[in-house]
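>>> Give me a 3D structure for the following:
(2 chains)
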Number of protein chains: 2
Amino acid sequence: MRSLDELRALADEFLASLPLAAELGRLEEALRYSLLGGGKRVRPVLCLATGEALGRTPDELLPAACSLELVHTFSLVHDDLPALDDDDLRRGQPSAHVRFGEDVAILAGDALLAEAFRLALRYSSPEVGRVLAEATLGMIGGQYVDVRTDGELDGDGLAALHRLKTGRLLGACVESALVVADVPTGDREPWRAFGRDVGLLFQIVDDILDATGTAEELGKTPGKDEAAGKVTYVSLYGLERARDLADAARARVTAELEALPADTGALEALVAAIRERRA
Amino acid sequence: MRSLDELRALADEFLASLPLAAELGRLEEALRYSLLGGGKRVRPVLCLATGEALGRTPDELLPAACSLELVHTFSLVHDDLPALDDDDLRRGQPSAHVRFGEDVAILAGDALLAEAFRLALRYSSPEVGRVLAEATLGMIGGQYVDVRTDGELDGDGLAALHRLKTGRLLGACVESALVVADVPTGDREPWRAFGRDVGLLFQIVDDILDATGTAEELGKTPGKDEAAGKVTYVSLYGLERARDLADAARARVTAELEALPADTGALEALVAAIRERRA
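Model (predicted):
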């Protein structure tokens, strides 16, 4: 059983040596800037750790795992644009549009999305690509809700937003591992429930950190959500109650992992890291 | 053998009834606005007409054909953004960002690209999706050259730019028909040569029209390329010589079609329409 650090190192190596389309020319620099800018790699590690639990090697999972990181990176590049979240800081560095200009950032995001599909389509079956497409569309649907409903969400609306914006991609990390490992459809639901709840845990912790972290800790501008009038778990429930919700989500996720018929050590370590925010 | 008009009507019907991801919510309106805004459907018709020549039915080709139109539409929505070509008029209507705002236009373009892959991955093989990913990356590489090298291109540079920006997607219309029709790899080159040259013809005619057409005829702002200091076939060679080049390209494409071992009537009609700009 590989450790979280080993899985993260494998994802980092794979991404660092990923060949990008030659036709991108010097646009490649902008893609690599955003892709290799020190992300936590939660998504590929979640996919790889699910693969570990299913007895599959990282080699089998890495294209699927890293295609999800490419989609995540594309979404950050576009989200940071002035017309959307207008954030100048990402992963502790100037955002792509600050570094390269808005035109290049838009094209780089587009190219990251297309590269994600190119990578997911290395498999002989289109199924990983289908999972990626569905999750990407769900995520974009969540981004749309996010930009168009400032301050109008109740608890159910917030949960629905996050199920799309963050949850669909995290769920796809688990789902694509199930696909690659060829887990029978009838056996997938307990894994999917875990994938849904780990997404909820991730989001609550993210909201707490946005309210309490420093720019240095976060690598992005803190307090942005509150300043933008966005509803978060903290704005809706207060900090103490949000922490209780995070602990409850973590307990549920842990129970789900324990019930799975697999050695879920790497996944348990990932869940702990998410809650304690070292992931 | 179906006529061009029949093939275009089939593409229009397919696009009009295409189910989009439910999670997009009200963002769907922006996708449909751009997708159903009266395009000429050159790309899907080129794919369908190639399929006709290969003895395949439109039903087999329509997902591939329309996935290419979705990528084309995504590229228009993003190209029109203020940070890129900054064009307020598209297909005779306000551009997506004028109608819905920049934030929604960025997200709608992203969603159109993801929907394109979802559609291309309806096939049991990932090959159509792979063709789409490669072509999309080539097109984006061309867009990057276009935004970053104003007024610095010679004839070879201009040809290289268009091979990427317009040519790769038009080539993919032919290539994906070859994939769906299961044409052996060794037999594909004459078709690919046709695909490359029809792209060149299309671009020369487009440059001529940009210099001579009215907004009403074009459905977009005319003279934009010249005003932006962009190199075109007209700016580089003059109008008369550009027309000669278009006629030469058309003669070459026609000869290539005549040499193909197939009934290429629909393709010949499409080439005539491109040259005479009724497509």
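
>>> For A:Glu256, give me phi and psi.
Phi and psi for A:Glu256, reported as degrees, to the nearest 10, are phi -60, psi -40.

>>> Near it, how many other residues are there?
Neighbourhood size, A:Glu256 [other CB atoms under 10 Å in any protein chain shown]: 20. (Glycine included, C-beta is placed from N, CA and C.)

>>> Same question for the one 10 residues further on.
Applying other CB under 10 Å, we find 22 other residues in the vicinity of A:Ala266.

>>> For it, list the residues it contacts.
Applying CB atoms under 8 Å, 6 or more residues apart in numbering or on different chains to A:Ala266 gives the contacts A:1-4, A:7, A:48-49, A:52-53.

>>> For the spatially most central residue of chain A, identify the helix or strand it belongs to.
Nearest to the geometric centre of chain A sits A:Arg43, at 4.7 Å (CA atoms, centre = their mean). Applying DSSP states H and E as the criterion places A:Arg43 in helix A:42-53.

>>> Counting by contacts, list what that helix packs against.
If you count contacts as 3 or more CB pairs under 8 Å, 6 or more residues apart in numbering or on different chains; DSSP states H and E, helix A:42-53 packs onto helix A:4-16, helix A:58-79, helix A:168-180, helix A:189-212, helix A:265-276.

>>> Mind putting those into TSV with mean pLDDT?
TSV is the format used below for the helices and strands packed on helix A:42-53 (pLDDT from 0 to 100):
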stretch	mean pLDDT
helix A:4-16	97
helix A:58-79	98
helix A:168-180	98
helix A:189-212	93
helix A:265-276	93
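
>>> Which one of those helices lies nearest to B:Val179?
Counting by CB to CB, B:Val179 lies closest to helix A:58-79 out of these; the figure is 20.7 Å.

>>> Stretch A:12-27 and chain B in contact?
Yes - against chain B, stretch A:12-27 shows contacts by CB under 8 Å from any CB of the partner chain at A:21, A:23-27.

>>> Report how many residues lie close to A:Pro94.
Counted by other CB under 10 Å, the residues lying close to A:Pro94 total 15.

>>> contacting residues for it?
Contacts of A:Pro94 (CB under 8 Å, 6+ apart): A:Asp88.

>>> Need the pLDDT of it.
On the pLDDT scale, A:Pro94 is placed at 96.

>>> Against B:Glu134, how distant is it?
For A:Pro94, the distance to B:Glu134 (CB to CB, to the nearest Å) stands at 31 Å.

>>> List the contacts of the closest residue in space to the residue nearest to the centre of chain A that isn't next to it in sequence.
Distances taken as CB to CB, 6 or more residues apart in numbering or on different chains place A:Leu68 nearest to A:Arg43, at 4.4 Å, with adjacent residues excluded. A:Leu68 sits next to A:43-44, A:47, A:116, A:132, A:135, A:169, A:172-173, A:176 when contact means CB under 8 Å, 6+ apart.

>>> could you list every residue that touches A:Asp225?
A:Asp225 is in contact with A:207, A:210-211, A:232, A:235, counting by CB under 8 Å, 6+ apart.

>>> what's the farthest-apart pair in those?
With CB to CB as the measure, no two of these lie farther apart than A:Asp210 and A:Ser235, at 9.9 Å.

>>> neighbour-wise, which of the two wins?
Higher neighbour count among A:Asp210 and A:Ser235: A:Asp210, with 22 against 19, using other CB under 10 Å.

>>> Tell me if I'm right that that one and A:Pro222 touch.
Yes - the pair A:Asp210 / A:Pro222 is scored as a contact, 6.0 Å apart, by CB atoms under 8 Å.

>>> Kindly export stretch A:72-91 (C-alpha atoms) in PDB.
Presented in PDB, the C-alpha positions along stretch A:72-91 are these (Å, rounded to 0.1, in the frame of the first residue of the first chain):
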ATOM      1  CA  HIS A  72      -9.500  21.200 -12.200                       C
ATOM      2  CA  THR A  73      -6.600  23.500 -13.400                       C
ATOM      3  CA  PHE A  74      -8.600  24.700 -16.400                       C
ATOM      4  CA  SER A  75     -11.400  25.600 -14.000                       C
ATOM      5  CA  LEU A  76      -9.100  27.600 -11.800                       C
ATOM      6  CA  VAL A  77      -7.600  29.500 -14.700                       C
ATOM      7  CA  HIS A  78     -11.000  30.500 -16.000                       C
ATOM      8  CA  ASP A  79     -12.500  31.200 -12.500                       C
ATOM      9  CA  ASP A  80      -9.700  33.600 -11.700                       C
ATOM     10  CA  LEU A  81     -10.400  35.800 -14.800                       C
ATOM     11  CA  PRO A  82     -11.500  39.300 -14.200                       C
ATOM     12  CA  ALA A  83     -15.000  38.600 -15.600                       C
ATOM     13  CA  LEU A  84     -15.500  35.700 -13.100                       C
ATOM     14  CA  ASP A  85     -13.900  35.700  -9.600                       C
ATOM     15  CA  ASP A  86     -11.200  38.200 -10.500                       C
ATOM     16  CA  ASP A  87      -8.400  36.800  -8.400                       C
ATOM     17  CA  ASP A  88      -4.800  37.800  -8.900                       C
ATOM     18  CA  LEU A  89      -3.300  35.200  -6.800                       C
ATOM     19  CA  ARG A  90      -3.400  31.400  -7.200                       C
ATOM     20  CA  ARG A  91      -1.300  28.700  -5.600                       C
END
